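K.L.:
quick one: sequence plus predicted model below, questions after.
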Amino acid sequence: MTKYLIVEDERFAYEEMKRMVERLRPDYQLSGRTETVEQAIRFFKENQVDLILLDIRLADGSSFEIFEQVPLSTPVIFTTAYDEHAIRAFKVNSIDYLLKPVEEADLLAALDKFEQLHAVRQQPVFDYRKLEEALMGNHKRNRFLTQTGDNYHYIDTTDIAFLYSEDKVTFLHTFSNKRYLIDYTLTQVEQQLDDKIFFRVSRNCIANISSIRKISRYFNSRLKLTFQPDCPHEILVSRERASDFLKWVDGI
């Protein structure tokens with residue numbers, strides 16, 4: 001019996017997917033549903049399935065974060081609302097996909113392909129980092145929503161000097177020296193920003209190139225950064241990050 005998991009944060013989309021699989025493959029067994037990256041990671045650390053039906057965008061981030069946290073060789077059928085350019089990327093990477101809203105005929109074709117590969121014990125070649133780059137590369141954020149009291153504001157990414165985490169909370173700090181709390185982790189934010197402008201300079205800080213005023217050599221081959229405006233934390237670039245950081249500053 002084929003066990004499968006649906007990773008989907010939209011209830012209607014989940015119900016439709018479940019209904020279609022039950023109709024097309026009544027012998028398949030649904031092992032559950034996860035709605036977030038965190039839930040999926042927790043599931044895969046304790047369970048195994050034969051097939052994953054995986055939405056790319058989840059409520060707490062990109063589903064590619066799952067592959068960074070747990071090693072998975074399970075065949076994946078992605079669901080996505082991306083355009084034809086993204087679809088070509090899927091084909092290049094030999095990945096099955098379903099474009100939302102999912103049509104039953106498309107799901108049937110994907111399940112047929114999965115079963116053909118499964119029968120000969122062949123896994124599609126899957127480099128999730130290349131796929132993530134192809135999908136996310138042209139979809140960088142240009143603003144963030146923030147809230148102050150009962151009021152909502154938006155901050156353009158061009159106004160962000162740096163972002164940092166503090167006691168497991170992420171703050172956005174602007175060039176006008178104001179800071180705002182945002183509901184994302186630094187890892188999630190890092191994937192959403194233009195990497196030509198922003199760089200993860202340390203475990204707890206992402207910097208805009210325009211905010212860096214001074215780079216100094218520091219103890220143990222590290223680099224010490226000075227920002228304008230001032231950052232409330234001392235930011236040191238580790239020895240392991242230093243080479244990539246300097247290449248980024250040099251525009252390489």
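P.N.:
Happy to help now that I have it. Just so you know, these numbers come straight off a predicted model, no measurement behind them.

K.L.:
list the contacts for Glu166?
P.N.:
Applying Cβ atoms under 8 Å, 6 or more residues apart in numbering to Glu166 gives the contacts 204, 232-233. To be clear about C-beta, it is placed using only N, CA and C from the backbone, and glycine gets the same treatment.

K.L.:
adding secondary structure, write the residues you listed out as JSON lines.
P.N.:
JSON lines is the format used below for the contacts of Glu166 (DSSP: H, G, I helix; E, B strand; the rest coil):
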{"residue": "Asn204", "secondary structure": "coil"}
{"residue": "Pro232", "secondary structure": "coil"}
{"residue": "His233", "secondary structure": "coil"}
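
K.L.:
now those in CSV, with distance to Phe144, pLDDT and neighbour count?
P.N.:
CSV is the format used below for those (distance: Cβ to Cβ, whole Å; pLDDT from 0 to 100; neighbours: other Cβ atoms under 10 Å):
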residue, distance to Phe144, pLDDT, neighbour count
Asn204, 18, 93, 14
Pro232, 19, 92, 12
His233, 20, 92, 14
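
K.L.:
kindly indicate which of these lies nearest Glu35.
P.N.:
Asn204 (27.8 Å; Cβ to Cβ).

K.L.:
name the SS class of Leu172, please.
P.N.:
Relying on three-state DSSP, one would call Leu172 strand.

K.L.:
which parts of the stretch 101-250 of the chain are helices?
P.N.:
Under the criterion DSSP state H, counting those that start in this stretch, the stretch 101-250 of the chain contains helices at 104-119, 128-136, 186-192, 239-249.

K.L.:
quick check: mean pLDDT of the last one?
P.N.:
The reference is to helix 239-249. Helix 239-249 carries an average pLDDT of 93.

K.L.:
now do that helix: distance to the chain's middle.
P.N.:
Here the centre of helix 239-249 is set off from its chain's centre by 23 Å, with Cα atoms, centre = their mean, to the nearest Å.

K.L.:
what's around the closest residue in space to Ser202 that isn't next to it in sequence, how many residues?
P.N.:
Spatial nearest neighbour of Ser202, chain neighbours left out: Ile235 (5.4 Å); criterion: Cβ to Cβ, 6 or more residues apart in numbering. If you count neighbours by other Cβ atoms under 10 Å, Ile235 ends up with 19.

K.L.:
state the distance from Phe78 to Phe144.
P.N.:
According to Cβ to Cβ, to the nearest Å, Phe78 stands 26 Å off from Phe144.

K.L.:
check contacts around the residue nearest to Ser202.
P.N.:
If you count contacts by Cβ under 8 Å, 6+ apart, Ile235 has them with 164, 201-202, 205, 207, 224-225, 227.

K.L.:
quickly list what it is bridged to.
P.N.:
Leu225 (DSSP bridges).

K.L.:
switch the contacts of Ile235 over to TSV; also include pLDDT.
P.N.:
TSV is the format used below for the contacts of Ile235 (pLDDT from 0 to 100):
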residue	pLDDT
Tyr164	95
Val201	95
Ser202	94
Cys205	95
Ala207	96
Lys224	96
Leu225	96
Phe227	96
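
K.L.:
pull the most distant pair out of these.
P.N.:
Once Cβ to Cβ is applied, the contacts of Ile235 give Tyr164 and Lys224 as the farthest pair, at 15.4 Å.

K.L.:
what's stretch 33-52 in contact with?
P.N.:
Residues contacting stretch 33-52 (Cβ under 8 Å, 6+ apart): 2-9, 14, 18, 28, 31-32, 58-63, 65-66, 69-70, 72, 74-77, 114, 118.

K.L.:
separate out the buried members of the contacts of Ile235.
P.N.:
Taking 16 or more other Cβ atoms under 10 Å as the criterion, what is buried in the contacts of Ile235 is 164, 201-202, 205, 207, 225, 227.

K.L.:
mind putting those residues into JSON lines with distance to Leu246?
P.N.:
Below are the buried ones among the contacts of Ile235 laid out as JSON lines (distance: Cβ to Cβ, whole Å):
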{"residue": "Tyr164", "distance to Leu246": "21"}
{"residue": "Val201", "distance to Leu246": "11"}
{"residue": "Ser202", "distance to Leu246": "14"}
{"residue": "Cys205", "distance to Leu246": "16"}
{"residue": "Ala207", "distance to Leu246": "13"}
{"residue": "Leu225", "distance to Leu246": "12"}
{"residue": "Phe227", "distance to Leu246": "17"}
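
K.L.:
this completes my enquiry, with thanks.
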